[in-house]
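Asks: fold the following.
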Amino acid sequence: MLRFLLFLLLSAGTLLAAPVPFSKDVLAEIDRAILGAIDHKQIPGCVIWLEHQGEVYKKAYGSRALLPAPEAMTEDTRFDAASLTKVIATTSAIMKLEEGGKLAFDKPVSDYLPAFAGSGKENVTVRQLLTHTSALRPGMAVPPGTTSTGVLELIGREKLQSTPGSQVRYSDINFILLGLLVEKVSGESLATFCQREIFGPLGMNQTGFLPQEPGITAPTTIQPDGSVLRGVVHDPTSRAMGGVAGHAGLFLTAGDLAKFARMMLGEGELEGVRVLSRETVRRMVSVQTPPGLLRRGFGWEIDSSLRGERFPIGGYGHTGWTGTSLWIDPASESFLIILANRNHPTEDGRISVLRREVATLAARAINLQTLPGNSLSPVLTGIDVLEEEKFESLKGLKIGLITNATGMDRNRVSTIDILHAAPNLKLVSLFSPEHGIRADLDRDGIADTTDPKTKLPINSLYGKNRTPTADQLRGIDALVFDIQDIGCRFYTYISTMANCMEAAAKAKVKFIVLDRPNPIGPLVEGPSLSQERSFIAAHDIPVRHGMTVGELAQLINSERKFGADLKIIRCGTDGFPGWFDRSGLPWQNPSPNMRTLAAATLYPGIGLLEFCKVSVGRGTDTPFELLGAPYIDESALITQLNHLGLPGVTFTPIRFTPTSSVFANTECRGVRFLVTDREAFRPIDLGAGLASILHRLHGAKFDVEKMITLVGNQETLNGVRNGMPLVDLKALWQSGITGFEKRRAPFLLYPR
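Replies: From the prediction side, this is the model:
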């Protein structure tokens with residue numbers, strides 16, 4: 001990996017023994033920001049720990065205590081972690097139990113804790129507790145000395161505030177229940193379980209509940225009797241429960257929290273000690289909330305201001321009420337710890353603004369903008385640009401909007417809502433593609449309906465019609481297209497755009513595309529379409545086309561001779577708005593099974609095999625990141641895959657049972673794919689090589705002939721069937737790629 005210019009850094013707080021890849025000037029800015037917050041009495045002091053690829057900048061600032069006597073902050077100060085307890089202790093314990101088969105995420109909580117049932121809570125699941133979608137209220141009072149049984153009885157009287165799964169409502173009660181669940185399932189206290197299974201193995205010797213050395217612990221608030229809480233949990237509910245609870249009660253140091261963060265970056269392993277499986281960690285930090293809601297993992301925040309303005313989408317973290325926080329950025333192999341006692345001596349302290357500022361500076365300090373493959377180049381999408389220009393391009397027009405949940409601005413405000421409220425134009429109807437207006441339906445035959453908020457009609461383009469009818473376009477001046485494509489020929493939103501553009505041309509209606517990034521970059525790869533066009537093969541382009549939807553619209557309009565009155569609202573960016581995590585834009589699943597950028601990166605290759613007799617992971621937590629079938633010998637498959645010598649990807653044997661789609665409820669044996677270098681990785685090479693191996697090993701069981709629909713090129717299918725070496729297959733594609741790159745050149749909107 002690229003190393004940076006190295007500086008020998010001497011700071012007032014820490015002498016680092018070796019040159020590190022941090023910017024000396026930016027570290028000084030971090031110092032000034034924190035000292036300014038201390039001067040303004042926002043916090044009495046703090047400890048920060050910034051780690052990047054194993055190099056560390058750590059420092060203590062200000063005071064550990066102001067009352068009853070001043071004490072200087074030290075790097076080994078132990079802090080009341082507050083709600084960091086939720087992810088460091090409770091979530092880890094729950095994941096450990098699930099990994100061991102002791103509980104299941106989608107089972108009702110009442111299956112394990114019968115006293116929780118009642119008042120409509122019978123169907124609340126463990127998953128909903130972990131993702132804060134249970135519909136329980138934020139918190140509850142507990143009388144001092146209440147036992148676990150008593151707490152559960154109190155929670156049993158709680159009533160739900162809404163329909164479970166319908167919204168994210170952060171709630172301590174969720175994690176109090178999860179702590180009780182650990183106790184019930186493991187047969188021991190949360191403190192004991194976490195010490196044995198997590199903290200002890202990781203060497204987190206200063207981490208735990210009920211600390212025994214209050215002298216090195218940062219105090220929190222003054223109590224009514226004039227004493228200061230020190231070594232006693234600040235949260236009153238946890239304190240009433242004896243200091244051990246699933247939502248609060250943990251104490252830790254920055255050094256110990258750094259060990260935990262390294263374990264998370266190591267996907268469950270630290271220095272040869274594994275406490276969680278890779279699959280478990282990946283699930284913890286991937287989106288687990290329903291589409292359309294604030295994105296959260298199991299316990300962890302994903303959509304969070306904690307990342308500041310420079311760390312890209314793809315990280316995760318959490319905060320604690322007392323002033324603690326952790327942000328982990330796997331892409332740059334970095335994490336940022338801020339531990340403060342902002343509520344000492346009173347609750348008047350503030351840290352939220354400082355957290356964001358320090359996170360932004362931390363990303364600058366590690367020169368994040370120069371990391372290969374991960375640099376952040378903030379992008380404005382078409383709808384952002386339209387807002388900035390005050391909708392001048394749509395002035396006076398009656399609009400029909402083709403969109404889904406991905407149609408939103410940088411702040412996650414829906415394009416529907418933006419245009420409905422916009423001045424000097426009128427939004428009159430909506431059109432939805434495959435998967436519906438919310439991008440959450442995975443079926444054929446989606447019906448017309450009405451948008452509940454705007455009361456506008458929603459015309460389905462994935463039901464009886466795949467093209468707007470003349471009646472639906474009557475009274476419309478312009479069709480506006482705002483949908484996130486995925487960069488692959490057989491993703492159907494391209495077809496919807498082409499159909500709508502052709503219909504607009506026939507109806508003499510303007511067609512306006514609000515452009516968005518191609519999330520998997522500008523590379524062109526794979527065979528060009530040589531079969532007849534279809535809904536999953538909209539135009540004669542390679543499998544991976546490397547264009548934005550705006551660029552594609554111009555190409556298709558010209559080559560199909562639609563004659564549409566076409567306008568592209570370009571992205572606001574200096575170059576090609578590629579790789580999604582460089583854009584600074586929020587991720588919204590474009591379809592139910594396209595849940596991560598990792599899946600999108602693999603999709604052009606793994607998706608090629610979807611119509612064959614294999615599971616591509618639909619009905620699992622990680623679609624398109626794995627593949628299998630009951631008949632596969634996973635060891636033999638991986639041996640053959642390794643013989644291909646494909647760069648940028650590794651293979652792990654796996655067994656999984658999909659809950660839907662191909663081989664639903666049947667154990668499949670196969671492989672999990674991990675992209676290690678996306679710039680070198682070629683997904684079509686993987687898909688073609690994988691198909692050839694499976695055909696050779698399993699013949700009719702695999703049914704390679706079904707691949708033709710998605711590969712769209714008979715010559716390629718023949719080569720796969722006949723065991724043609726990958727280098728020769730790629731030679732078949734080259735003339736098509738060269739020709740396509742010449743064809744597309746006049747329609748490119750952004751420098752490559």
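
Asks: just checking, what packs against the longest helix anywhere in the chain?
Replies: Criterion DSSP state H: the longest helix present in the chain is helix 726-744. In terms of contacts (3 or more C-beta pairs under 8 Å, 6 or more residues apart in numbering; DSSP states H and E), helix 726-744 is packed against strand 525-528, strand 542-544, helix 549-559, helix 683-698, helix 714-721. For every residue, glycine as well, the C-beta is placed using N, CA and C.

Asks: tell me the angle of the longest one relative to helix 726-744?
Replies: Orientation note: helix 683-698 sits at an angle of 140 degrees relative to helix 726-744 (axes from the mean of the first three to the mean of the last three C-alpha atoms, to 10 degrees).

Asks: ok, and for helix 683-698, which residues are buried?
Replies: Within helix 683-698, the residues scored as buried using 16 or more other C-beta atoms under 10 Å are 683-695, 698.

Asks: tell me how far S460 lies from R443.
Replies: With distances taken as C-beta to C-beta, to the nearest Å, S460 is found 12 Å from R443.

Asks: these two: which has the busier surroundings?
Replies: Between S460 and R443, counted using other C-beta atoms under 10 Å, S460 has the larger neighbour count: 21 against 10.

Asks: per-residue pLDDT, the more buried one?
Replies: pLDDT recorded at S460 is 95.

Asks: correct me, but it touches I446?
Replies: Yes - using C-beta atoms under 8 Å, S460 is in contact with I446, at 4.6 Å.

Asks: identify the contacts common to these two.
Replies: Jointly contacting S460 and I446 under the rule C-beta atoms under 8 Å, 6 or more residues apart in numbering are 432, 436.

Asks: how is the chain divided into domains?
Replies: By the record's domain assignment, the chain is partitioned as 79-300, 382-587, 597-721 (automatic domain parsing).

Asks: quote the end-to-end distance of the first one.
Replies: End-to-end distance for domain 79-300: 20 Å, by C-alpha to C-alpha, to the nearest Å.

Asks: same check, this time on the shortest one
Replies: As for domain 597-721, its first-to-last residue distance stands at 30 Å under the measure C-alpha to C-alpha.

Asks: how much space between L479 and N557?
Replies: Counting by C-beta to C-beta - L479 and N557 are separated by 13 Å.

Asks: what do the two both touch?
Replies: When C-beta under 8 Å, 6+ apart defines a contact, the residues bordering L479 and N557 alike are 501, 511.

Asks: and those two? Which one has more around it.
Replies: Neighbour count, other C-beta under 10 Å: between L479 and N557, L479 has more, with 26 against 22.

Asks: wait, the more buried one touches L514, no?
Replies: No - counting by C-beta under 8 Å, L479 stays clear of L514, with 11.3 Å between them.

Asks: touching the strand or helix carrying F260 from outside, list them.
Replies: Per DSSP states H and E, F260 falls inside helix 254-265. Under the contact criterion C-beta under 8 Å, 6+ apart, helix 254-265 has outside partners 47-49, 51, 56, 58, 75-77, 81, 84, 88, 198-199, 202-207, 269-270, 275-276, 281, 285, 326, 328, 330, 333, 335, 337, 339.

Asks: repeat for stretch 451-458
Replies: Applying C-beta under 8 Å, 6+ apart, the contact partners of stretch 451-458 are 416-417, 420, 427-432, 437, 448-450.

Asks: are any of those residues buried, and which?
Replies: If we count by 16+ other C-beta under 10 Å, the contacts of stretch 451-458 have these buried: 416-417, 420, 427-432, 437, 448.

Asks: can you lay out those residues as TSV showing secondary structure and distance to P542?
Replies: Output for the buried ones among the contacts of stretch 451-458, formatted as TSV (DSSP: H, G, I helix; E, B strand; the rest coil; distance: C-beta to C-beta, whole Å):
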residue	secondary structure	distance to P542
I416	helix	33
D417	helix	36
H420	helix	38
L427	strand	36
V428	strand	37
S429	strand	34
L430	strand	32
F431	strand	28
S432	strand	28
I437	coil	30
D448	coil	35
